[in-house]
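1. The following block contains a protein sequence and its predicted model.
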Amino acid sequence: DDLWCRRASKLKMIEIDPKNVFFSIENDLLIYNKSEVVLALHNFSGDFSVPSGINLIRHSAFNECKGIRSFSSISSSKLTIGNFSFNNCENLEKIEIKNKCDVNIGKSSFSFLPKLSSIEIECDCLTLGERSFEKCTSISSISFSKVKRIIIDDCAFYGCLNFETFAVENANEISFRKDC
């Protein structure tokens with residue numbers, strides 16, 4: 001379910017049995033199998049850089065996390081950002097992704113971010129899910145460089161009215177799904 005932890009804003013602590021081989025807590029993040037961020041505690045603050053080995057940020061993992069300021073990923077692995085992952089993170093200002101493989105950004109992953117001003121993405125293939133950046137009203141700069149293939153779903157940038165720069169470099173293919 002996309003929304004299983006969506007309203008976990010009062011959750012302050014998670015305890016994991018030290019003998020548990022599947023789950024761990026690292027830097028206020030609940031990690032599954034050393035490869036997935038399941039949930040960020042809402043007292044998480046500052047800049048979030050995807051830890052080495054992580055290839056999935058689960059649905060709603062950072063939903064309504066007020067303290068996160070930026071998101072970055074530098075990796076040689078595929079990265080999937082689940083639906084609603086960073087939805088309503090009101091202080092998130094910048095997204096920077098530099099991955100050598102594919103990046104899939106799910107439905108409404110980065111929607112309703114009033115302070116988000118810039119997005120920079122480098123990867124092999126980029127998929128933007130439905131309404132992935134909906135109503136991010138301060139976005140002025142978007143750069144997709146070194147992205148060979150871009151797939152944009154319905155209304156990915158719905159309500160984003162302040163674009164000054166939308167740069168796409170070196171793309172061999174750009175496709176739109178549904179009624180974009």
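-> Sure thing, it's come through. Numbering: from 1, shown residues only.
2. Only C-alpha atoms, please: export stretch 134-144 in CSV.
-> Coordinates of each C-alpha in stretch 134-144 appear next as CSV, following Å, rounded to 0.1, in the frame of the first residue of the first chain:
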residue,chain,number,x,y,z
GLU,A,134,2.8,18.5,-8.9
LYS,A,135,2.4,22.0,-7.5
CYS,A,136,6.1,22.6,-6.8
THR,A,137,5.5,26.3,-7.4
SER,A,138,9.0,27.6,-6.9
ILE,A,139,10.8,25.4,-9.5
SER,A,140,12.7,27.7,-11.7
SER,A,141,15.4,25.4,-13.1
ILE,A,142,15.3,21.8,-14.4
SER,A,143,18.2,20.1,-16.0
PHE,A,144,18.2,16.6,-17.5
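3. Contacts for that stretch, please.
-> Stretch 134-144 is contacted from outside by 108, 110-122, 126, 133, 150, 155-169, 171, using Cβ atoms under 8 Å, 6 or more residues apart in numbering. Where you see a C-beta, it was placed from the backbone N, CA and C, and this is true even at glycine.
4. Just the buried subset of the residues you listed, written out for PyMOL, thanks.
-> Buried residues among the contacts of stretch 134-144 (16 or more other Cβ atoms under 10 Å), as a PyMOL selection:
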select buried, resi 108+110+111+112+113+116+117+118+119+120+121+122+126+133+150+156+157+160
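5. Filter the contacts of stretch 134-144 down to the ones in strands?
-> Judged by DSSP state E, strands contain the following of these: 118, 119, 120, 121, 122, 126, 150, 165, 166, 167, 168, 169.
6. which one among those residues gets closest to residue 64?
-> Residue 64 lies nearest to residue 119 out of these, by Cβ to Cβ, at 20.1 Å.
7. Please name the bridge partners of the closest one.
-> The bridge-partner assignment for residue 119, based on DSSP bridges, gives residue 95, residue 142.
8. tell me the residue furthest from the middle of this structure?
-> Going by Cα atoms, centre = their mean, the residue of the chain most distant from its centre is residue 19, 30.5 Å out.
9. Over to that one. Which of the three states is it?
-> Of the three states, residue 19 takes coil according to DSSP: H, G, I helix; E, B strand; the rest coil.
10. Contacts for the longest strand along the chain, please.
-> Counting residues, the longest strand found in the chain (DSSP E) is strand 67-75. The contact list for strand 67-75 (Cβ under 8 Å, 6+ apart) reads 40, 42-50, 52, 55, 62, 79, 86, 89, 91-101, 103.
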